[in-house]
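**Student:** need coordinates for the following:
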Amino acid sequence: MTSAEQRIGRESADEIKTHPFFAGVDWDTIRECEPPFVPQLRSIIDTAYFPTEDLEQVPQGVAPPESPAPDSNGLEGGEKKDLAFVGYTFSRFDMLTRRGAI
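**Tutor:** Here you go, the predicted structure:
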């Protein structure tokens, strides 16, 4: 973790590919390789593989941040927020592909 000016890969992806950490990686066939672990999801919204160990360290009596009011996409926020997602963000860009949006 460092400033953008010092970060590896600031010049090109080749800086990252040649770093000793990635020694032995065949970048030409990486998309054809079988991953060492493939999560088995129960549904498209399955969150079982998100880490939750830190949630046990949340002091009692501390409520998670409140969910926002409905946004322009019509998504409603509930009273409770899933603690596994505190700090994660998501932006929806499908408005450009919806019929009649343009």
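
**Student:** for this structure, just list every one of the helices.
**Tutor:** 13-17 (DSSP state H).

**Student:** quick one: low-confidence residue ranges for it.
**Tutor:** 55, 58-87, 90-102 (pLDDT under 70).

**Student:** repeat that with 90
**Tutor:** Scanning the chain for pLDDT under 90 picks out 1-9, 35-37, 39, 41-102.

**Student:** could you count how many residues lie near the closest residue to Lys17 other than its chain neighbours?
**Tutor:** Of all residues beyond its chain neighbours, the one nearest Lys17 is Trp27 (5.4 Å), with distances taken as CB to CB, 6 or more residues apart in numbering. Yep, even glycine has a C-beta here, placed from its N, CA and C like the rest. Using other CB atoms under 10 Å, Trp27 has 12 other residues around it.

**Student:** next, Trp27: phi, psi?
**Tutor:** Torsion angles at Trp27 (phi, psi; degrees, to the nearest 10) stand at phi -70, psi -20.

**Student:** burial count for Arg10?
**Tutor:** Neighbourhood size, Arg10 [other CB under 10 Å]: 12.

**Student:** how about it, nearest residue that isn't a chain neighbour?
**Tutor:** Among residues not flanking Arg10 along the chain, Ala4 sits closest, at 6.6 Å (CB to CB, 6+ apart).

**Student:** if I look at the closest residue to Ile8 other than its chain neighbours, how far off is Gly24?
**Tutor:** With CB to CB, 6+ apart as the criterion, Ile8 has its nearest non-adjacent residue at 5.2 Å, and that residue is Glu15. Glu15 sits 17 Å away from Gly24, taking CB to CB, to the nearest Å as the criterion.

**Student:** the more surrounded of those two?
**Tutor:** For Glu15 and Gly24, the more surrounded residue by other CB under 10 Å is Glu15, and the numbers stand at 12 against 5.

**Student:** what about the more buried one, distance to Ile44?
**Tutor:** Distance, Glu15 to Ile44, by CB to CB: 35 Å.

**Student:** residue contacts, the closest residue to Gly9 other than its chain neighbours?
**Tutor:** Spatial nearest neighbour of Gly9, excluding adjacent residues (CB to CB, 6+ apart): Ile16 at 4.4 Å. By CB atoms under 8 Å, 6 or more residues apart in numbering, the contact list for Ile16 reads 8-9, 22.
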